[in-house]
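Novice: coordinates only, sequence not included:
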């Protein structure tokens, strides 16, 4: 049933996915808002919905247009993404994580295109856009600045032509843009919305060991499929660039998961940092070469876990 509806990428599949994301955005806006720019429920809904759409677009580009073989493309990742969101153990809404994750994923989408393109003029523009989006995410959460080191490391490991100007751009962009943006925001008394930090100040506090609850069961089901997908994908022969980018995604999720598991007062919004990596790898199951019964089972088990642990218990 599910595989039949989302067998092709068309207006119907996109509309269903967008409506689901809109419904989730409205639901999010009714919950306790832990951090936001606005007090208006309508504005919060628009910000959340826009972030979801930006993330969905990044997922679609990375999953469908770049990495999956043309003969095996479908639109199942469009329905998977809303289910991934519903699997998160959400207690309150923190827009810092929802917005910054959308910015990071959009940067990652452009960066993957940067790695694959051969035109120099486009590469400079794409790397500039990537650095700009990551700089915006740093304004929300200071530790995101580490992603620039991550970016430089991935660039050095791929087989693209190593040019010093690429690394200069990665270094200089945040040094120029972030202070300028902060001064601009401070002019309008918005500086207090910037630079939340895990290590500096009292925005977040960490535990000595992770704590798990039954509300995380749907996410555990997703993570189980993710692990299988990672093993399956890494066992297949791929190009150097694809392998480097895939392993970078795995490392990003691992480090982020460790930090989030140690948060003392987790809202659940932090889990949005996992969205693209989870959907990207699990979507590897959805090639048309895979038996539709297996795909349906994956979706049914995810939906069942969400209903049982998030709605009934």
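Specialist: Cool, got the structure. What you see is a predicted model; the values in this text were computed from it and never measured. Numbering: from 1, shown residues only.
Novice: Distance check, residue 30 against residue 96.
Specialist: In this structure, residue 30 and residue 96 are 19 Å apart, going by Cβ to Cβ, to the nearest Å. Where C-beta positions appear, they are placed from N, C-alpha and C, glycine not excepted.
Novice: More neighbours: those two, which one.
Specialist: Using other Cβ atoms under 10 Å, the more surrounded residue of residue 30 and residue 96 is residue 96, with 21 against 11.
Novice: so the more buried one makes contact with residue 47?
Specialist: No: if you go by Cβ atoms under 8 Å, residue 96 and residue 47 don't touch, sitting 11.2 Å apart.
Novice: Run through who's touching the longest helix seen in the chain.
Specialist: When the chain is parsed with DSSP state H, its longest helix is helix 164-187. Defining contact as Cβ atoms under 8 Å, 6 or more residues apart in numbering, one finds that helix 164-187 is touched by 123-124, 127-128, 131-132, 134-136, 138-139, 145, 148, 151-152, 155, 191, 193-195.
Novice: and the residues you listed, which are buried?
Specialist: Buried members of these, scored by 16 or more other Cβ atoms under 10 Å, are 123, 127, 131-132, 134-136, 138-139, 148, 151, 155, 194-195.
Novice: For stretch 264-273, buried residues please.
Specialist: For stretch 264-273, the neighbour count (16+ other Cβ under 10 Å) marks 266-273 as buried.
Novice: Also stretch 280-296?
Specialist: Buried positions in stretch 280-296, judged by neighbour count with 16+ other Cβ under 10 Å: 280-286, 295.
Novice: out of those residues, who's nearest residue 257?
Specialist: Here the nearest of those to residue 257, counting by Cβ to Cβ, is residue 281; it sits at 13.6 Å.
Novice: show me what contacts the closest one?
Specialist: Residue 281 makes contact with 226, 229-230, 233, 249 under the criterion Cβ under 8 Å, 6+ apart.
Novice: so what's it closest to, chain neighbours aside?
Specialist: Of all residues not flanking residue 281 in the chain, residue 229 sits nearest, at 4.1 Å (Cβ to Cβ, 6 or more residues apart in numbering).
Novice: can you check residue 252 too?
Specialist: Spatial nearest neighbour of residue 252, chain neighbours left out: residue 277 (6.5 Å); criterion: Cβ to Cβ, 6+ apart.
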